[in-house]
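Novice: next one to model:
(chains A and B)
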Amino acid sequence: MTGAKYRHLDALENQSVYILREAHRKFKRLAMLWSIGKDSSVLLWLARKAFFGHVPMPCVHVDTSYKIPEMIQFRDQKVREWGIDLIVGQNKAALAAGKTFPNGALTRVECCGLLKKDALQQVIEEKDYQAVIVGIRRDEEGTRAKERYFSPRDRNFEWNFKDQPPELWDQFKTDFDPGTHIRIHPLLHWTEMNVWEYIEREKIPIVDLYFAKDGFRYRSLGCAPCTKPVPSQAITVAEIIEELRETKVSERSTRAQDQESEDAFERLRASGYM
Amino acid sequence: MSSERLSVADSLDEAFLSSEHRALRVVIVGHVDHGKSTLVGRLLYETGSLPDGKFEQIQTVCRRRGMQFEWAFLMDALQAERDQNITIDVSQIWFKTRRRNYVIIDAPGHKEFLKNMVSGAASADAALLLIDAHEGIQEQSRRHAYLLSLLGIRQVVVVVNKMDLVNFDQAVFNQIEANYRDFLRQLNVQPLQFLPIAARDGVNLVAPDPKMSWFEGPTLVQTLDDLEQPVPPADLPLRFAVQDVYRFDQRRILAGRIESGTLRVGDTVVFAPSNKESVVASIEVWNAPQRSAVSAGESVGVTLREQIFVERGSVGIHIDQMPIETNRFRARVFWMGDRPLSLAKKYKIKLLTQEVECQLASIDRVIDASTLEASAAIRRTVEKNEVAEVTIQSRGPLVMDNYDRLQTSGRFVLVDGNDVAGGGVIFGGVYLVHKQVKSANITWSESHIRYQDRVERNGHPGLVVWMTGLSGSGKSTLARALEKALFERQMQAYVLDGDNVRHGLNANLSFSPEDRVENIRRVAEVSKLMADAGIITVTSFISPYRLDRVRAREIVASSGVEFLEVYVSASLDVCEKRDPKNLYRKARAGEIKGFTGLDAPYEAPENPELVLETGQESAEACLERLLQFLLPRLRVD
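Specialist: Model (predicted):
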C-alpha cells in the first residue's frame, strides 16, 4: 500500500487495470492511442502496471504534423526506452492538398475532423483494429461525461450517443456486429487532478511543455496553432497540483476548436473524434 | 456565490480539504421533470464548484435559445437534451464540499432511458431520490426506488423538490413522506432522510431557509456530508475472479480482481469450479512496493507454487468458505432489452469473469416495479423495463453466491445477441458444507476419445435424468419406460435403480442419514461417468434431501453434462395405496424404521426441470410429457 496521501488513487488504478486487462483479453486486434499528452502517458503507465512492465499492444500516435516539436522528441525517446510498438497515423492526402486550418482552407473543427478523426479512421481500417484504447476522462467536457468504458462505434465510426449500451457491474459490451468497433476508455473516472497526483506518486515522465517556462505552461496539449499556454509559475508536478487546487478555469478552455460553437465538440465526437 | 455558507462544515478534519480521499459517488434519480439536472446545476453553483465562465456560457446559450436561465444545461450537454429539455444519458460531474469530494451522477428520469439510469446508479455509493412536491410520487419515483434496492444501494435520501410550487407547505411534504415511506418499506429500503428543497432557487441546499422554518432537519449538503463511504468487503469470504493467465518473464501470472475477502502469500486456494488447489507463491507487482496480502477491490497478479490448470472464469476461494456451484438457480432480473426476455431463447450469462450460454427454465413471477404487483397471467416473456423472478439454467456449472451474502459474486448480466440486455441478482441458492477437493497429486486421466466424438457417433449427448419422489410414486416404472423408448430410438440409455445399486456398489451402506448422503454421492459420481461416456443416464432414487440433490447436480454439472431433475409427484395417500413392494405396510407395522414420507422427511424439489403428476395423469401420459421435454435436449446441432 502506498502512502496515505495518495490512497484514493488506488481505487482508480485498480479499476483502470481491470479495464485494460478486459480489453486485452477480449480483443485480439487492439491498439492504444498515445497522444504524448499527460493522460495517455498515464494510460501507458497503467498498461505497464496491468501487464507487469509490458505493453502488449501497439500504440498509435495520430500525427497532424502540427504537433509541438518537443512532443515528437519525447515520443521517440520513450518508444526506445519502453520498447513500444509505435504506429504513426497521418492523413497524408489532406496535408498534401493543403486542406488544413493553419493554411486558411478550413475551420478549426473541420481541420480536427480531417487530421485527427479521419487519420485515426484510416489507421484503424488499415490495421483492422477491433478496439482502440483512448485516454479520455468524464470531467473534461460534457459529452465525454456521458461516455461508457466500452463504447461502440458503427461502421462509419459514428457514436450513437442517444442509444448507448447499458454498462453495469463492470460487465462491458464485448460482443458486436462485424464492421463496428469499440472505443475503450480506462481513464473515464479520473479527474485532471487525479492524473497529476498519479504522475507525482508514480514519478511518471511527461513532456516538458507542461512545466512553466517564461511564465507560461501548457495545461492541455494539442496542435501548436490551436493550443494556448496558460500563465503559470509551476515548474514541478507538486506545483502544478497546487495551482490546480486554486483554479476555476476549465482544462479544455485552452483548446480553441471546442469554442467554435455550442455543439462543436459534440458533433466532432459523434462523427468519430476521441 | 455562497461559499461562506459552507462554514457549517468547517470544524471537520483539515485533511478532508484536499482531493486526497476517494470521491463519494452519489446518483440522483427520480421521475422525469422532477428537477434532477436542475438540482445538480444549482448544487455546483452553490458550492462554488463551477469553472469560471461556465455560468456566463450557459446564460449566453439560454439567451440565444430565447429561454430563461436553465441550470440543467450544465449537465445536459447534448443538443438533443437541450432541445427537448430532458436528460437522455447519464452524466457525471465532480464537486466538493468542505468535507469531501463527490461524483454526482445525474440519471435520466424518462422511462425510455431506464438502461441509462441503471448504468449510472449501478456504481453509486448512495442515491438521492427526487420527488416533485407539486406532482407527488410518480411511476418512475417508484420504479427507480425498486431498481436501487435491486442494485444494492443502501444509502437512500429522499429529496422533495419544488417546494416553492406548493408555498413551502409542511402538510404537502408530510403527506409525500408518509406515502413514500410506506412504499419504500415494502422494498426493505430505509431512507436516511426526507428533505424539502427548492432546487431552482437554492432553498435548503447549503443553508436552511426561513420559508421552511418548520423543517428542523439538515440541509442537502449536510445530509450528503453525513453519508458514509462504503468499505470494500475485505472481511468477507475470498472470491478471486481470474481474468486471464499471463506468461511474462518466465512467470505464470494469474491476473484478476479480489472481489471480496483477502488473499495472502502462503494461502491454500481452491479454484472453482474445477476445484483444484494450490498455494499462493507470490503477489506480483510492477513499480510498487512488495505485497504479502491483497484484499477486496484490488486488481492483482498471483503466482502459484504448484502449476494447476486455471483459466479465465476460475474463482479462487478458501476451502472453508465455499461458494455455490450450480447450473440452475433463481434470480431477480430487470430487463432493458428491446426484444423481450423469452423462455424459448438462448442467452449468454456473464457472472464475474465467467461466461456461459443459458436459458430461462421458468418465469416464476413478473413484477410491476411501479406498483410492486405481480402479474396475474402466466408469462412466457419479460418485457423491457419489467422485473421478474426467474429460474435460469446454464450449459455449464457457474460459481456464484446469493446476492444478500456477497454482492459482486451474486449478480450477473444477460447478453442477448451482442447486447447486454438484462441484469440480475441471485437468491435462494444452497451452500454445501462438505466439499470434495481434488489433491493436486490426483490428475484426471484423459482419454484419446473425446466426449464430443462419442456425441457424434451416438447422435445425442450424454446427460443425467434424475428422478426423485416418494416410494411408489412411479419413478422406476417411468424410468424403465423411458429407457425402452430411447433404446427403440437407437439411443444409448441406462437406468440406475436404487435397489440394484444397493445390491453391489452400495452394499455396505445402511439407510441412516449419513449413509443415505453417501449413497446419493456415489450414484451421482457414477451417473457423471456414464453421462461422460455418452449415455443417457436415468436415475431412480427417492433422494429425499434437497441438499443431496443439489450436490448431485453440482457433481454432474462439473463435468459439463446436463443434469435434469424430474420430480415424480404423487400424494402419500396414492403411494401408500399402490405400495408395489409392500414397504408402506411393513413400515406402518414398525418393521422398517426411518421410512421416507412416514417417519423420515421428503423435501420436495423447489425448482425441478420437470414435474410429473403420476397421481393425476396416466403412466403413458407422463411418459409422453417426459419425452416431449427430453427429446429436444438430445438433438445435436
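Novice: distance of the residue of chain A found nearest chain B from A:Asp263?
Specialist: Nearest to chain B, among the residues of chain A, is A:Gly142, at 2.5 Å (C-beta to the nearest C-beta). Just so you know, the C-beta spots here come from the backbone N, C-alpha and C atoms, and that holds for glycine as well. According to C-beta to C-beta, to the nearest Å, A:Gly142 stands 10 Å off from A:Asp263.
Novice: element containing B:Leu184, please.
Specialist: helix B:170-186 (DSSP states H and E).
Novice: run through the neighbouring helices and strands of that helix.
Specialist: Applying 3 or more C-beta pairs under 8 Å, 6 or more residues apart in numbering or on different chains; DSSP states H and E, one finds that helix B:170-186 makes contact with helix B:139-150, strand B:155-161, strand B:193-196.
Novice: pull out the buried residues from it.
Specialist: B:Val172, B:Phe173, B:Ile176, B:Glu177, B:Tyr180, B:Phe183, B:Leu184 (16 or more other C-beta atoms under 10 Å in any protein chain shown).
Novice: what residues are up against the nearest residue to the fifth one once chain neighbours are set aside?
Specialist: On the basis of C-beta to C-beta, 6 or more residues apart in numbering or on different chains, the spatially nearest residue to B:Tyr180 that is not a chain neighbour turns out to be B:Ile137, at 5.7 Å. By C-beta atoms under 8 Å, 6 or more residues apart in numbering or on different chains, the contact list for B:Ile137 reads B:Ile131, B:Ile176, B:Asn179, B:Tyr180, B:Phe183.
Novice: format those as a markdown table; extra columns: pLDDT.
Specialist: Output for the contacts of B:Ile137, formatted as a markdown table (pLDDT from 0 to 100):
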| residue | pLDDT |
| --- | --- |
| B:Ile131 | 93 |
| B:Ile176 | 93 |
| B:Asn179 | 92 |
| B:Tyr180 | 92 |
| B:Phe183 | 90 |
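Novice: just for chain B, where's the confidence low?
Specialist: B:1-21, B:75-90, B:109-112, B:433-446, B:637 (pLDDT under 70).
Novice: can you report how many residues neighbour B:Phe329?
Specialist: Using other C-beta atoms under 10 Å in any protein chain shown, B:Phe329 has 25 neighbouring residues.
Novice: so where does it fall, helix or strand?
Specialist: Per DSSP H and E: strand B:324-335 holds B:Phe329.
Novice: okay, now the sheet partners of that strand, with direction.
Specialist: Here strand B:324-335 has these sheet partners by DSSP bridges: strand B:387-400 (antiparallel), strand B:419-427 (antiparallel).
Novice: helix or strand next in line after it, which one?
Specialist: Next in sequence after strand B:324-335, counting helices and strands by DSSP H and E, comes strand B:341-342.
Novice: ok, back up a step: how about the residue nearest to B:Tyr180, secondary structure?
Specialist: Here B:Ile137 is recorded as coil under DSSP: H, G, I helix; E, B strand; the rest coil.
Novice: and it, how far from B:Ala107?
Specialist: 17 Å.
Novice: so A:Arg201 sits in a strand?
Specialist: No: counting by three-state DSSP, A:Arg201 is not part of a strand but helix.
Novice: what about it, how many neighbours?
Specialist: Count around A:Arg201 with other C-beta under 10 Å applied: 17.
Novice: got a pLDDT number for it?
Specialist: Listed pLDDT for A:Arg201 reads 93.
Novice: was I right about it contacting A:Tyr6?
Specialist: Yes: proximity of A:Arg201 to A:Tyr6 meets the contact threshold set by C-beta atoms under 8 Å, at 4.5 Å.
Novice: list the contacts of A:Glu13.
Specialist: A:Leu46, A:Lys49, A:Tyr198, B:Ser299.
Novice: what's the answer for B:Leu352, then?
Specialist: B:Leu352 touches B:Arg239, B:Ala241, B:Glu259, B:Gly313, B:Val315, B:Val399, B:Thr408, B:Ser409, counting by C-beta under 8 Å, 6+ apart.
Novice: now for the residues you listed: which two are most distant?
Specialist: With distance counted by C-beta to C-beta, no two of those lie farther apart than B:Gly313 and B:Thr408, which are 14.7 Å apart.
Novice: show me which residues of the stretch 51-200 of chain A sit near chain B.
Specialist: Residues of the stretch 51-200 of chain A lying near chain B by C-beta under 8 Å from any C-beta of the partner chain: A:51-54, A:138-139, A:141-143, A:145-146, A:148, A:161-162, A:164-169, A:171-173, A:175-177, A:189, A:191, A:193-194, A:197.
Novice: helix/strand/coil for B:Phe271?
Specialist: Applying three-state DSSP: B:Phe271 is strand.
Novice: what about it, distance to B:Glu306?
Specialist: For B:Phe271 relative to B:Glu306 (C-beta to C-beta), the value is 12 Å.
Novice: okay, and the common contacts of those two?
Specialist: B:Ser278.
Novice: so these two - more neighbours on which side?
Specialist: Using other C-beta under 10 Å, the more surrounded residue of B:Phe271 and B:Glu306 is B:Phe271, with 23 against 11.
Novice: isn't the more buried one right up against B:Val242?
Specialist: Yes: if you go by C-beta under 8 Å, B:Phe271 and B:Val242 touch, sitting 7.5 Å apart.
Novice: any common contacting residues for the two?
Specialist: B:Val310, B:Ser314, B:Val315, B:Gly316.
Novice: the first one: neighbour count?
Specialist: Spelled out, that is B:Val310. Neighbour tally, B:Val310, other C-beta under 10 Å: 21.
Novice: please name the nearest non-neighbouring residue to it.
Specialist: Spatial nearest neighbour of B:Val310, excluding adjacent residues (C-beta to C-beta, 6+ apart): B:Phe271 at 5.1 Å.
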